[in-house]
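S.K.: need coordinates for the below:
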Amino acid sequence: MSVLKKDLARMLQAEFPEYTLSDLEEVVELLFDEMTQALVEGRRIEIRGFGAFAVHSQKERRFINPKNGRETRCPRSYRVVFRPGSDLVEIDPA
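M.R.: A predicted model of the protein is given here:
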């Protein structure tokens, strides 16, 4: 089951009924925009108990294309890595 940004805003509204849904949607959007900007700038995001997000670079590599046997180059790239916090590691998904 997926949780969408709109779902997060609805959960917040259930907890804080004095705020409008549109205001809470804006807060959730702002939060994710700021997190995205921090990662773009190469900064690490740590949410205690939940986990940490960081950008890792993957060096350029070469590989053999199995379809045609030609050597191909995969350029350097970046990816976001998530490391779960202690509270999240203890959860049993089953």
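S.K.: what segments of this structure are helices?
M.R.: According to DSSP state H, the chain carries its helices in the segments 5-15, 21-40, 86-89.
S.K.: now do the second one: distance to the chain's middle.
M.R.: So that's helix 21-40. 12 Å (CA atoms, centre = their mean, to the nearest Å).
S.K.: and the shortest one, by the same measure?
M.R.: Put simply, helix 86-89 sits 16 Å off its chain's centre (CA atoms, centre = their mean).
S.K.: returning to that earlier point: which one of the helices of the chain lies nearest to V80?
M.R.: helix 21-40 (6.0 Å; CB to CB). In short, each C-beta sits where N, CA and C put it, glycine included.
S.K.: ok, back up a step: adding mean neighbour count, mean pLDDT and distance to F50, write the helices of the chain out as TSV.
M.R.: Listed next are the helices of the chain as TSV, based on neighbours: other CB atoms under 10 Å; pLDDT from 0 to 100; distance: least, CB to CB, whole Å:
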stretch	mean neighbour count	mean pLDDT	distance to F50
helix 5-15	14	96	14
helix 21-40	13	97	12
helix 86-89	11	82	6
